[in-house]
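Undergrad: need a structure here:
(one chain, ligands or ions: 2)
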Amino acid sequence: MSDCVFCKIINSQIPSKKVYEDENVFAFQDISPQAKNHILFVTKKHYPDVEAINQTDELNNIFKAISIVAKQLGVDKTGYRVVTNKGTDAGQTVFHVHFHMLSGQRLSDKMA
Ligand code: AMP
Ligand code: ZN
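TA: Ligands and ions are numbered 1, 2, ... in the order given. So this is what the prediction gives:
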């Protein structure tokens, strides 16, 4: 998608702080972090949201990448939170499916 900010990041048209990349997944630091570590995991293919990938292998691709990065960050034992926002009520602002991975500190007990 030519006007999608995350497609532009994947294609290096917009700079990002890359954390991880494989054939299917790209991960980079969120520009406005909400935890000590706040990383976004995105599919390299453009899909609008999580509904669009639930019948594909992409969920597995994403979670495999998250697991690798968790070990790299040393948070696989201490823990991390994964969040995806879908649609208006969840506050989705970028319509290229992405998963927030938050870690490196004790996270809020509240999720909403
Ligand atoms: P969401 O509200 O779930 O759609 O999350 C979108 C996320 O993308 C927000 O946490 C933003 O801070 C983040 N974001 C937007 N533009 C950029 C960018 N250019 N580089 C890194 N993160 C971004
Ligand atoms: Zn996109």
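
Undergrad: which residues of this structure lie near ligand 1?
TA: Contact residues (CB under 6 Å from any ligand atom) of the chain with ligand 1: 5, 14, 16, 30-32, 40, 85, 91-94. Heads up, the C-betas are built off the backbone N, CA and C, glycines and all.

Undergrad: out of the residues you listed, which are buried?
TA: By neighbour count, with 16 or more other CB atoms under 10 Å, these hold 5, 16, 30, 40, 85, 92 as buried.

Undergrad: follow-up on the earlier one: and the residues of the chain next to ligand 1, which is closest to residue 105?
TA: The closest of those to residue 105 turns out to be residue 30 (CB to CB; 14.5 Å).

Undergrad: can I assume that closest one is in contact with residue 39?
TA: Yes - between residue 30 and residue 39 there is a contact under CB atoms under 8 Å: 6.8 Å.

Undergrad: quick check: next helix or strand after the lengthiest helix in the chain?
TA: Here the longest helix in the chain is taken by residue count, with DSSP state H as the criterion, and it is helix 58-73. Remark: after helix 58-73, the chain's next helix or strand is strand 80-83, criterion DSSP states H and E.

Undergrad: re earlier: need the overlap of contacts for residue 30 and residue 39.
TA: Shared contacts of residue 30 and residue 39, defined by CB atoms under 8 Å, 6 or more residues apart in numbering, are found at residue 100.

Undergrad: give the contact list for residue 53.
TA: Residue 53 makes contact with 43, 47, 59, 97 under the criterion CB under 8 Å, 6+ apart.

Undergrad: ok, for it, nearest residue in space, not its chain neighbours?
TA: Of all residues beyond its chain neighbours, the one nearest residue 53 is residue 47 (5.2 Å), with distances taken as CB to CB, 6 or more residues apart in numbering.

Undergrad: quick check, nearest of the buried ones among the residues of the chain next to ligand 1 to residue 111?
TA: Nearest to residue 111 out of these is residue 85 (CB to CB; 11.6 Å).
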